[in-house]
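Enquirer: This is a predicted model, with the sequence first.
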Amino acid sequence: MRMSLAQRVLLTWLFTLLFLIMLVLKLDEKAPWNWFLIFIPVWIFDTILLVMLIVKMAGRCKSGFDPRNGSQNMKKKVWYLVAMLLKLAFCLALCAKLQRFTTMKLAYVFIPLWALLIGGMVELGYNIFYVRRD
């Protein structure tokens with residue numbers, strides 16, 4: 001099953017809206033929920049993206065797959081996987097800090113996010129300056 005662009009955009013907006021509503025309720029102290037519950041829309045959305053990415057990566061293993069331009073495509077998918085795991089690590093550390101499960105310094109909580117942003121900048125620079133244009 002392949003999702004159209006409109007379905008992906010709608011799904012993104014839906015989960016973002018749900019997360020923002022739950023976040024506002026928590027910050028206004030109208031919902032005494034655990035921070036991990038507030039992030040449920042983020043967890044669900046990331047799980048959907050992760051499953052789709054793994055299915056695409058596993059598609060390379062089937063017989064009859066054309067490997068042309070495959071190594072570059074696979075590198076990009078591995079970067080997406082690493083980026084998703086960094087985002088997940090940041091969200092988990094942030095929830096643990098907000099819920100006071102850990103005494104970790106806030107600077108350490110943001111290390112996965114900083115790594116993700118630096119990696120994104122490197123990828124952007126690579127795509128702008130080093131990718132051959134035909």
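Expert: Cool, got the structure.
Enquirer: Let me know the pLDDT of residue 64.
Expert: Residue 64 carries a pLDDT value of 61.
Enquirer: how distant is the one helix or strand residue 88 maps to from the center of its chain?
Expert: Using DSSP states H and E, residue 88 falls within helix 70-98. Chain-centre distance of helix 70-98: 6 Å, with CA atoms, centre = their mean, to the nearest Å.
Enquirer: I'd like the next helix or strand past it.
Expert: Heading C-terminal from helix 70-98 (DSSP H and E), you reach helix 106-109.
Enquirer: What residues of stretch 22-37 count as buried?
Expert: Within stretch 22-37, the residues that qualify as buried by neighbour count (16 or more other CB atoms under 10 Å) are 22-23, 26, 35. Bear in mind the C-beta positions are built from the backbone N, C-alpha and C, glycine included.
Enquirer: Residue 33 versus the residue nearest the centre of the chain, what's the distance?
Expert: For the chain, the residue nearest the mean C-alpha position is residue 84 (3.7 Å; CA atoms, centre = their mean). Taking CB to CB, to the nearest Å as the measure, residue 84 falls 25 Å from residue 33.
Enquirer: can you check residue 106 too?
Expert: Distance, residue 106 to residue 33, using CB to CB: 22 Å.
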